[in-house]
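Enquirer: A predicted structure for the sequence below; I have some questions about it.
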Amino acid sequence: MLTDYHLHLRRDDSDATAARHFTAENVERYLDAAAAASIEELGVSEHVYRFGEALEVWDHPFWVESAVDDLGAYCEFVRTTPLRLGLEVDFIPGREDRIANLIDAHRLDYVVGSVHFVGAASVDWDEYDVWRGERDPDTIWRRYFELVAESARSGLYDILAHPDLVKYWGHNRPQPERDVRFHYEPAIEAIAESGIAVEVSTAGWRKPVDELYPSDAFAHMCIDAGAAFALSSDAHVPEDVGHQYDRAVETMRGWGVEEICVFEDRRRRKEPLG
Ligand SMILES: [Zn+2]
Ligand SMILES: [Zn+2]
């Protein structure tokens, strides 16, 4: 079994409207790409901040400018397609109740939890670059993985997205001095306690860091902790569906992973990988 659950039907720019991308024709392109890559389970997980309902959770200026679509209409549209229905929902500390209300108002197949922001600053987008204010890499990495731990423990999510996204810029940003495993530790503990599925995302190979999410060291710690894995590409265009999956499956087998998680109606089962 191969899956691709962390997908977006459009790019992140504001020109990529719902009207133009939430269409049967566009979904057909994703389904064709998945079939060509032998991916049996395909689902979309649009960013929560593209929807007006997200402003009940957070009022970051980027969210305010992005929240133009209707979450109910998105859910209804996806249910007219063969795609599984997911949502990528940022973890905002202190807003757990509001996030839960938003998620519970819709019948989703799975929820992908992400940490893109440390405070109001972004780890993967230069407009609100976290590296502009705080220069100490060990502080940024520590805070990032504490948030990942909190997000896992919140119980809000089925899948922990791109778990070491803080490395996004690679050597274009300062690197921590401490052993990265020290920074991973709180997240691994929370993953073990919560049982959340850890996303293996090939998107890392399309970003400046040019490395799979998560790193080998993170993955080995997850395996030692008994974690389960989910496989996705985080594609924003059909051409990236199943991006570099051969390489990802080989890497996962090298870690000793033999099963991946499959989701429906927020229930999880495991299937043999590949
Ligand atoms: Zn993301
Ligand atoms: Zn995404």
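Expert: Arrived safely, thanks for sending. Note that this is a predicted model, so its numbers are computed, not measured. Numbering: from 1, shown residues only. Ligands and ions are numbered 1, 2, ... in the order given.
Enquirer: Return the residues of the chain in contact with ligand 2.
Expert: Within the chain, the positions adjacent to ligand 2 are 88, 234 by C-beta under 5 Å from the ion. Just so you know, the C-beta spots here come from the backbone N, C-alpha and C atoms, and that holds for glycine as well.
Enquirer: In the chain, which helix is the longest?
Expert: helix 137-153 (DSSP state H).
Enquirer: for it, which positions count as buried?
Expert: With burial defined by 16 or more other C-beta atoms under 10 Å, the residues of helix 137-153 counted as buried are 137, 140-153.
Enquirer: same check, this time on stretch 108-122
Expert: The neighbour-count check on stretch 108-122 (16+ other C-beta under 10 Å) flags 108-118, 121-122 as buried.
Enquirer: Over to stretch 206-220?
Expert: Quick answer for stretch 206-220 (16+ other C-beta under 10 Å): 206-207, 209, 212-215, 218-220.
Enquirer: Which element, helix or strand, includes residue 43?
Expert: Secondary structure assigned from DSSP states H and E places residue 43 in strand 41-47.
Enquirer: Can you give the distance from the helix or strand following that strand to the centre of its chain?
Expert: Downstream of strand 41-47, the first helix or strand assigned by DSSP H and E is helix 61-66. Relative to its parent chain, helix 61-66 has a centroid offset of 19 Å by C-alpha atoms, centre = their mean, to the nearest Å.
Enquirer: Name the residues that touch the next helix or strand after helix 61-66?
Expert: Using DSSP H and E, the helix or strand that directly follows helix 61-66 along the chain is helix 71-79. For helix 71-79, contacts defined as C-beta atoms under 8 Å, 6 or more residues apart in numbering pick out 18, 22, 44, 46, 48, 51-54, 85, 87, 102, 105-108.
Enquirer: Please indicate which of those are buried?
Expert: 18, 22, 44, 46, 48, 51, 53-54, 85, 87, 102, 108.
Enquirer: got the contact list for the closest residue to ligand 2 within the stretch 151-274 of the chain?
Expert: For the stretch 151-274 of the chain, the residue closest to ligand 2 is residue 234, as judged by C-beta to the ion, at 4.5 Å. Going by C-beta under 8 Å, 6+ apart, residue 234 touches 6-8, 161-162, 201-203, 240.
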